[in-house]
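Chemist: need a 3D model of the following:
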Amino acid sequence: MDKKVKTVGFKEGLGAGIVGLGLIYFFLPSMIQKIADLDFIQSEPFAMLSGTVLVLAVFTVVAGLVVMLANLNEE
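Modeler: Sure thing, here's the model as predicted:
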């Protein structure tokens with residue numbers, strides 16, 4: 001009964017870090033809105049930037065999950 005003990009390795013740590021980075025990206029649009037509310041800045045480019053950052057956040061979280069769930073040979 002040689003059961004292989006599974007521990008958290010580099011792959012899970014890297015995936016968790018990437019997911020954490022994606023979660024930070026989700027909070028960036030609120031900061032972008034505070035910048036857009038300033039009187040001397042035109043806010044049209046900031047709406048597009050906000051949408052782009054949300055799409056980037058979704059891709060980053062998915063990439064982190066793929067890294068964590070990937071079946072890599074760890075020998």
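
Chemist: in the protein, which ranges drop under the pLDDT threshold?
Modeler: For the chain, the stretches with pLDDT under 70 are 1, 42-45, 72-75.

Chemist: which stretches of it form helices?
Modeler: Along the chain, counting by DSSP state H, helices occupy 10-36, 44-69.

Chemist: so residue 37 versus residue 27, what's the distance?
Modeler: For residue 37, the distance to residue 27 (CB to CB, to the nearest Å) stands at 16 Å. To be clear about C-beta, it is placed using only N, CA and C from the backbone, and glycine gets the same treatment.

Chemist: and residue 14, by the same measure?
Modeler: Residue 14 sits 21 Å away from residue 27, going by CB to CB.

Chemist: same thing with residue 4?
Modeler: Per CB to CB, residue 4 is found 39 Å from residue 27.

Chemist: ok, now residue 61?
Modeler: From residue 61 to residue 27 the distance is 13 Å (CB to CB).

Chemist: of the two, who's got more company?
Modeler: More crowded of residue 61 and residue 27, by other CB atoms under 10 Å: residue 61, with 18 against 10.
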